[in-house]
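Asks: Sharing a sequence plus its predicted fold:
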Amino acid sequence: MSSQITCVGWVGKGVSRETPDKVELSKEELQRIVAEARDQLRESDEDEEGMANKPDEATEAPAEVKGGDDVEQEEEDELAQYDLDKYDEQDIATANLGDSLAGLTVFGTNQEDPYITIKDTEQYEREDFQIKPTDNLILAGRAEKDCCNLEVYVYNSEEDSLYVHHDILLPAYPLSIEWLNFDPSPEEGTGNYAAVGNMTPIIDVWDLDVVDCLEPVFSLGSKKTKKTKKSKKGAERVEGHTDAVLDLSWNKLVRNVLGSASADETVILWDLVQGKPATTLRLHTDKVQTLKFHPFEAQTLVTGSYDKSAILYDCRSPESSHRIWRFSGQVERLVWNHFSPCNFLASTEDGFIYCLDARSDKLVFTLRAHDGEVSGMDLSSQVSGCLVTSSADKHVKIWDILGNKPSLIHSRDMKMGVMFCAACCPDLPFVYAFGGQKDGLRVWDISDVAAVSEVFGNRERLVANTVSETSSSSTAAMEVS
């Protein structure tokens with residue numbers, strides 16, 4: 001498995017601490033963490049690797065046994081190729097090297113040496129370590145053969161800079177990332193956290209203002225305990241999911257609520273204060289792939305599943321108050337239209353995008369967007385009608401859906417293989433982050449495309465003004481900027 005970016009997320013400007021705290025790790029602690037992560041990755045992948053290796057072992061031909069004469073001939077060829085038979089002879093040029101270095105000038109410090117232009121590398125490292133008020137952070141889940149990481153990038157559009165600020169070693173293959181600022185500690189104010197869903201049932205929440213941290217700030221859920229011979233009652237009931245966590249959605253209005261979608265066919269609404277499930281939704285009949293809280297209505301949640309359906313819940317009474325839509329394929333992504341709050345978009349595995357009205361069974365429009373599954377979909381954070389999609393067909397497409405009449409503006413092969421995810425910057429309406437099968441994270445300012453600038457350049461920008469500091473608020477407004 002080559003290096004992949006499986007999920008991405010953004011952190012707004014001015015949120016992160018200017019100088020993050022740094023945890024000093026001992027060599028033994030670091031080795032322990034790496035060993036534990038590798039063991040967990042091997043356990044999760046052993047079945048797939050076993051199936052992949054069996055055919056190769058069966059078809060491999062036995063190696064020929066070489067005779068003694070062949071071995072001696074190979075050794076003689078190597079000696080001749082690298083001139084190893086003269087290895088012990090003295091090299092006159094090397095012996096006189098000390099004489100040639102005698103006339104070189106040696107400076108005591110870099111400041112005295114006129115040929116060294118970078119006098120203090122530590123200063124540059126300190127500048128890169130600091131996070132400016134004009135910096136955005138990009139969170140990227142990277143999966144490699146031996147390890148998985150949460151990479152924290154610093155992106156500055158004014159300086160046109162992008163670099164990895166720090167990374168966090170993850171215990172399993174990352175599937176979803178959700179930023180949140182709710183701190184469950186009563187004495188604390190707002191935080192800067194990333195919740196990560198992975199191939200295990202556990203959701204880990206990491207502090208983005210701490211570098212080189214050993215463990216998450218807190219975790220939600222627990223691994224399923226196996227039944228033992230001594231235990232007649234069997235395994236205890238697990239509080240949380242029993243399979244991989246495929247997607248996460250934080251309620252920005254009721255800030256202590258985090259929603260999670262899982263391969264165990266359930267959706268859990270977590271109370272972050274208690275660290276326990278508050279509600280479990282079980283209406284889907286297959287893996288729940290995606291979910292999204294409404295940006296302006298705290299009680300409204302929509303979920304999408306492999307059972308080819310999307311379900312809209314009123315979380316105050318989810319069992320009795322819900323609506324179901326059926327589609328032609330498995331639901332991959334859901335997005336609320338914050339410019340038209342009654343509408344939401346659903347993408348499917350067969351390349352379609354559906355726009356639906358949450359108030360009725362009405363289908364607003366249907367769009368055949370890609371030739372493969374639409375794995376990434378996000379609306380511009382500020383420009384109405386600007387929709388960007390990414391797909392397993394390796395393409396990213398930019399659409400204008402204003403007036404519910406979608407039209408293709410631009411299409412590009414990103415040369416990243418299969419595309420996994422796409423996310424728009426909350427502060428820059430035309431800047432998107434993409435993850436795919438290869439070549440790592442990609443950030444693209446789509447306004448550099450002439451056709452995009454022509455269509456959206458003069459369109460007014462709207463900023464969602466949500467009141468998220470109090471848990472009782474469920475109203476929001478759109479402001480023109």
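Replies: Now that the structure is in, tell me what you want to look at. Numbers count the residues shown, from 1 in each chain.

Asks: Please compute how far stretch 392-399 lies from its chain's middle.
Replies: 18 Å (Cα atoms, centre = their mean, to the nearest Å).

Asks: And for that stretch, what's in contact with it?
Replies: 351, 367, 369-373, 375-376, 386-391, 406-419, 422, 434, 436, 444, 446, 449, 452 (Cβ atoms under 8 Å, 6 or more residues apart in numbering). C-beta: built from backbone N, CA, C; applies to glycine.

Asks: Kindly recompute the last result at 6 Å.
Replies: 370-373, 375, 387-390, 406, 409-414, 418, 446, 452 (Cβ atoms under 6 Å, 6 or more residues apart in numbering).

Asks: what is the mean pLDDT for it?
Replies: Stretch 392-399 carries an average pLDDT of 98.

Asks: Residues in contact with stretch 24-36: which ones?
Replies: 169, 212.

Asks: Please export the C-alpha coordinates of that stretch as PDB.
Replies: Once non-C-alpha atoms are left out, stretch 24-36 reads as follows in PDB (Å, rounded to 0.1, in the frame of the first residue of the first chain):
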ATOM      1  CA  GLU A  24       9.400  15.700  25.200                       C
ATOM      2  CA  LEU A  25       9.400  11.900  24.500                       C
ATOM      3  CA  SER A  26      12.000   9.500  25.800                       C
ATOM      4  CA  LYS A  27      13.500   7.000  23.300                       C
ATOM      5  CA  GLU A  28      11.900   4.100  25.100                       C
ATOM      6  CA  GLU A  29       8.400   5.700  25.100                       C
ATOM      7  CA  LEU A  30       8.600   6.500  21.400                       C
ATOM      8  CA  GLN A  31       9.700   2.900  20.600                       C
ATOM      9  CA  ARG A  32       6.800   1.600  22.600                       C
ATOM     10  CA  ILE A  33       4.300   3.700  20.800                       C
ATOM     11  CA  VAL A  34       5.600   2.700  17.400                       C
ATOM     12  CA  ALA A  35       5.700  -1.000  18.300                       C
ATOM     13  CA  GLU A  36       2.100  -0.900  19.600                       C
END
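
Asks: Which of the contacts of stretch 392-399 are buried, as a ChimeraX select command?
Replies: Buried subset of the contacts of stretch 392-399, written as a ChimeraX selection, criterion 16 or more other Cβ atoms under 10 Å:
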select :370,372,373,375,387,388,389,390,406,409,418,446,452
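
Asks: Okay, and which of the contacts of stretch 392-399 map to strands?
Replies: Residues of the contacts of stretch 392-399 located in strands (DSSP state E): 387-390, 409-413.

Asks: Need those residues in CSV (columns: distance to S380).
Replies: Below are those laid out as CSV (distance: Cβ to Cβ, whole Å):
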residue, distance to S380
L387, 8
V388, 7
T389, 12
S390, 15
I409, 12
H410, 14
S411, 17
R412, 17
D413, 22
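
Asks: For P429, state which of those is nearest.
Replies: Of all the ones in strands among the contacts of stretch 392-399, V388 has the smallest distance to P429: 10.8 Å, by Cβ to Cβ.

Asks: hey, which helix or strand in the protein has the poorest pLDDT?
Replies: Every helix and strand of the chain was ranked by mean pLDDT, DSSP states H and E. The lowest is strand 476-480, at a mean of 48.

Asks: hey, where'd the strands end up in the stretch 251-400 of the chain?
Replies: Counting by DSSP state E, counting those that start in this stretch, residue ranges of the strands within the stretch 251-400 of the chain are 257-262, 267-271, 276-281, 288-293, 300-305, 309-314, 322-326, 331-336, 343-348, 352-357, 363-368, 376-379, 386-390, 395-400.

Asks: Turn those into JSON lines, columns for distance to L214.
Replies: Putting the strands of the stretch 251-400 of the chain into JSON lines (distance: least, Cβ to Cβ, whole Å) gives the following:
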{"stretch": "strand 257-262", "distance to L214": "23"}
{"stretch": "strand 267-271", "distance to L214": "23"}
{"stretch": "strand 276-281", "distance to L214": "24"}
{"stretch": "strand 288-293", "distance to L214": "30"}
{"stretch": "strand 300-305", "distance to L214": "34"}
{"stretch": "strand 309-314", "distance to L214": "37"}
{"stretch": "strand 322-326", "distance to L214": "41"}
{"stretch": "strand 331-336", "distance to L214": "33"}
{"stretch": "strand 343-348", "distance to L214": "38"}
{"stretch": "strand 352-357", "distance to L214": "42"}
{"stretch": "strand 363-368", "distance to L214": "46"}
{"stretch": "strand 376-379", "distance to L214": "32"}
{"stretch": "strand 386-390", "distance to L214": "34"}
{"stretch": "strand 395-400", "distance to L214": "37"}
